[in-house]
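Trainee: Got a predicted structure here, sequence first:
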Number of protein chains: 2
Amino acid sequence: MTYCVAMRLEKGLVFLSDSRTNAGVDHINTFRKMRVWQRPGERVVVMCTSGNLSVSQSVVNIISERLALTDSANLFNAPNMFEVARHVGDVVREVHRRDAEALREFGVEFNASLIVGGQIFGEAPRLFNVYAAGNFIEATEDTPYIQIGESKYGKPIIDRVLRYGSTLADATKCALVSMDSTIRSNLSVGLPLDLCVIERDAFTVKSHISVNQDHAYYAQIRGQWGERLREAFADLPNPDWL
Amino acid sequence: MTYCVAMRLEKGLVFLSDSRTNAGVDHINTFRKMRVWQRPGERVVVMCTSGNLSVSQSVVNIISERLALTDSANLFNAPNMFEVARHVGDVVREVHRRDAEALREFGVEFNASLIVGGQIFGEAPRLFNVYAAGNFIEATEDTPYIQIGESKYGKPIIDRVLRYGSTLADATKCALVSMDSTIRSNLSVGLPLDLCVIERDAFTVKSHISVNQDHAYYAQIRGQWGERLREAFADLPNPDWL
């Protein structure tokens, strides 16, 4: 399984992904699910992947190969983020044409869901969810985030605190709390995490770090959030009418 | 969809169910999913159902019919809660034999998951999850709760605050907070709620009420929990290392 979440805010973008893959509980590995491509000052694009790992890796490889081919559409010559999302969708369809039938013969579903976001000079930051069929949707001010993979455990906190006007710091904190709730409830989501923060109009990555269990801030958030939740719960009035 | 949760504690049992059913988003109805059978002073049994509503209703009807047949196994002559769970499992299998094939012809899955709990004189309170195949598992001191239906949104808070030693009041509060998180995230789970609380060794229901949106305590919990969560979140340190 996988859990990735990305947020598109007035002030920029936040991406967070876990790194656990499993093919059955006795076949668990660590694979990074976040990729960053940038031309500082001009564009920055981040992609997070979930679903069948062979599909995800094929998509990432083809996208990377195409960067060198200046006569075909690629992430570096796409004029805007909408075209980036279409390009990613096209690559997913290409992998589908090659692999889906063979996978089906072995009872394996062609399964992929991707987050693609970033900013290209001339536009505001944008964020998309590309599906296995190559179609996609875009995050809006009303719903400024996209989750892929095991999304349910970590959704309530996002719905309660995240707004389009949230700061990048608050959004990062929110993403980490959401990830913590998911990791506690689903063994197949695990550390280390990849965190990437992009400031609006910087056209480069502000912060791109790996968070493991020794990461002081994440450890602090985990401990303190659990404690404060229990306090908040204890402070709720008891049902004395029972 | 449905969300039901039940907790088996040192001091008794708590059951909470929503009442929304849907066959597509344009076919939403209210059906109660909780049933209580009791012989005060001797036994009390509560059942919550999820899955295909025709299956659930058939199971409940057959169980009720059997109560009058003293020469066959039923909820009132079962010597203990294990035999109650087996009886419920047998009834599910009976419905399966009658309906599963016909449902499959119409592309409808035979889909059922039930919570069955209670106490019979001579035993401690017990709690089971009966599956569509008629098999079942029992809640333990380590995992003192069972959820059916849309369980993920409301699981993190239960994992953080519920213990086997929790009071019935705290467990009720926890179930209501868990339900609130679920209702906020999934439109197909909705009010009114059925709440049933059973004290250990009382062999009767302590409280069995319907909670709708005018219920003062539930309204208070909903408002205050959201507020305290946002406060707890705001109090977490900001990632100044970004």
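Mentor: Structure's in. What do you need? Residues are numbered from 1 along each chain as shown, chains lettered A, B, ... in the order given.
Trainee: Every contact and neighbour count from this point should use C-alpha atoms.
Mentor: Fine.
Trainee: what about the residue lying farthest from the centre of chain A, which helix or strand?
Mentor: When distances to the mean C-alpha position of chain A are computed (CA atoms, centre = their mean), the maximum falls on A:W241, with 44.5 Å. Element membership for A:W241, per DSSP states H and E: none, as it lies in no helix or strand.
Trainee: Backbone torsions only: list them for it.
Mentor: As for A:W241, its main-chain torsions (degrees, to the nearest 10) stand at phi -90, psi 0.
Trainee: What of A:L236?
Mentor: Per-residue torsions, A:L236: phi -60, psi 140 (degrees, to the nearest 10).
Trainee: Correct me if wrong: it contacts B:E227.
Mentor: No: with contact taken as CA atoms under 8 Å, A:L236 and B:E227 are classed as non-touching, separated by 10.8 Å.
Trainee: Who are the contact partners of the residue farthest from the centre of chain A?
Mentor: With CA atoms under 8 Å, 6 or more residues apart in numbering or on different chains as the criterion, no residue contacts A:W241.
Trainee: quick one: contacts of stretch A:221-234?
Mentor: Contact with stretch A:221-234 is made by A:176-177, A:180, B:160-161, B:174, B:225, B:228-229, B:232-233, B:236-237, as judged by CA under 8 Å, 6+ apart.
Trainee: Run through the residues that contact the residue nearest to A:M179 when sequence neighbours are not counted.
Mentor: Spatial nearest neighbour of A:M179, excluding adjacent residues (CA to CA, 6 or more residues apart in numbering or on different chains): A:G154 at 6.2 Å. With contacts defined as CA under 8 Å, 6+ apart, A:G154 is in contact with A:V177, A:S178, A:M179, A:D180, A:S181, A:T182, B:Y153.
Trainee: Now the longest helix seen in chain A: average pLDDT?
Mentor: For chain A, the helix that runs over the most residues, judged by DSSP state H, is helix A:81-105. Throughout helix A:81-105, pLDDT has a mean value of 97.
Trainee: Packing partners of it?
Mentor: Identification of packing neighbours for helix A:81-105 by 3 or more CA pairs under 8 Å, 6 or more residues apart in numbering or on different chains; DSSP states H and E yields helix A:53-66, strand A:112-120, strand A:126-131.
Trainee: Can you name the residues bridging to A:A112?
Mentor: For A:A112, the residues forming beta bridges with it (DSSP bridges) are A:G51.
Trainee: Tell me, how many residues neighbour it?
Mentor: Counted by other CA atoms under 10 Å in any protein chain shown, the residues lying close to A:A112 total 23.
Trainee: possible to save the helices and strands packed on helix A:81-105 as JSON lines with mean pLDDT and distance to A:A139?
Mentor: Conversion of these to JSON lines gives the following (pLDDT from 0 to 100; distance: least, CA to CA, whole Å):
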{"stretch": "helix A:53-66", "mean pLDDT": "95", "distance to A:A139": "21"}
{"stretch": "strand A:112-120", "mean pLDDT": "98", "distance to A:A139": "10"}
{"stretch": "strand A:126-131", "mean pLDDT": "98", "distance to A:A139": "6"}
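Trainee: just these: most buried one?
Mentor: With neighbours taken as mean count of other CA atoms under 10 Å in any protein chain shown, these reach their highest mean count in strand A:112-120, at a mean of 27.
Trainee: Pull the residues that contact it.
Mentor: A:6, A:13, A:42-52, A:55-56, A:79-81, A:85, A:125-132, A:146-149, A:198, A:200-201, A:203.
Trainee: by how many degrees do that strand and helix A:81-105 diverge?
Mentor: 160 degrees (axes from the mean of the first three to the mean of the last three CA atoms, to 10 degrees).
Trainee: just to revisit the earlier point, among the contacts of A:G154, which one lies nearest to A:N74?
Mentor: Lowest distance from A:N74 to the contacts of A:G154 (CA to CA) belongs to A:M179, with 31.4 Å.
Trainee: Give the full set of residues in contact with the closest one.
Mentor: Shown here is A:M179, whose contacts under the criterion CA under 8 Å, 6+ apart are A:Y3, A:D18, A:G154.
Trainee: I'd guess it is in a helix, am I close?
Mentor: Yes: assessed with DSSP: H, G, I helix; E, B strand; the rest coil, A:M179 lies in a helix.
Trainee: just to revisit the earlier point, mind putting the contacts of A:G154 in CSV, distance to A:S64 included?
Mentor: Formatted as CSV, the entries for these read as follows, by distance: CA to CA, whole Å:
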residue, distance to A:S64
A:V177, 32
A:S178, 30
A:M179, 28
A:D180, 31
A:S181, 33
A:T182, 30
B:Y153, 37
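Trainee: confidence score at A:S19?
Mentor: On the pLDDT scale, A:S19 gets 88.
Trainee: next one: the one 10 residues further on
Mentor: Listed pLDDT for A:N29 reads 79.
Trainee: now it: how far from chain B?
Mentor: Relative to chain B, A:N29 is positioned 24 Å away (CA to the nearest CA, to the nearest Å).
Trainee: what does A:A139 give?
Mentor: Going from A:A139 to chain B by CA to the nearest CA gives 18 Å.
Trainee: and what of A:D26?
Mentor: From A:D26 over to chain B the distance is 23 Å, taken as CA to the nearest CA.
Trainee: Secondary structure class of that residue, three-state.
Mentor: In the three-state summary, A:D26 is assigned as coil, counting by three-state DSSP.
Trainee: and it, how many residues sit next to it?
Mentor: For A:D26, the neighbour count with other CA under 10 Å is 7.
Trainee: ok, now which ones touch it?
Mentor: Applying CA under 8 Å, 6+ apart, no residues qualify as near A:D26.
Trainee: Return the residues of chain A in contact with chain B.
Mentor: In this structure, chain A approaches chain B at residues A:152-156, A:160-161, A:169-170, A:172-174, A:181, A:184-185, A:197, A:206-207, A:217, A:221, A:224-226, A:228-230, A:232-233, A:236-240, A:242, judged by CA under 8 Å from any CA of the partner chain.
Trainee: just to revisit the earlier point, show me how to select, in ChimeraX, the buried members of the contacts of A:G154.
Mentor: When burial is assessed using 16 or more other CA atoms under 10 Å in any protein chain shown, the buried subset of the contacts of A:G154 is captured in ChimeraX by this command:
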select /A:177,178,179,180,181,182 /B:153
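Trainee: Let's have the contacts of A:G154 in a markdown table, adding distance to A:N29 and pLDDT.
Mentor: What follows is the contacts of A:G154, written out as a markdown table (distance: CA to CA, whole Å; pLDDT from 0 to 100):
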| residue | distance to A:N29 | pLDDT |
| --- | --- | --- |
| A:V177 | 23 | 96 |
| A:S178 | 22 | 96 |
| A:M179 | 18 | 96 |
| A:D180 | 19 | 94 |
| A:S181 | 21 | 92 |
| A:T182 | 18 | 93 |
| B:Y153 | 26 | 94 |
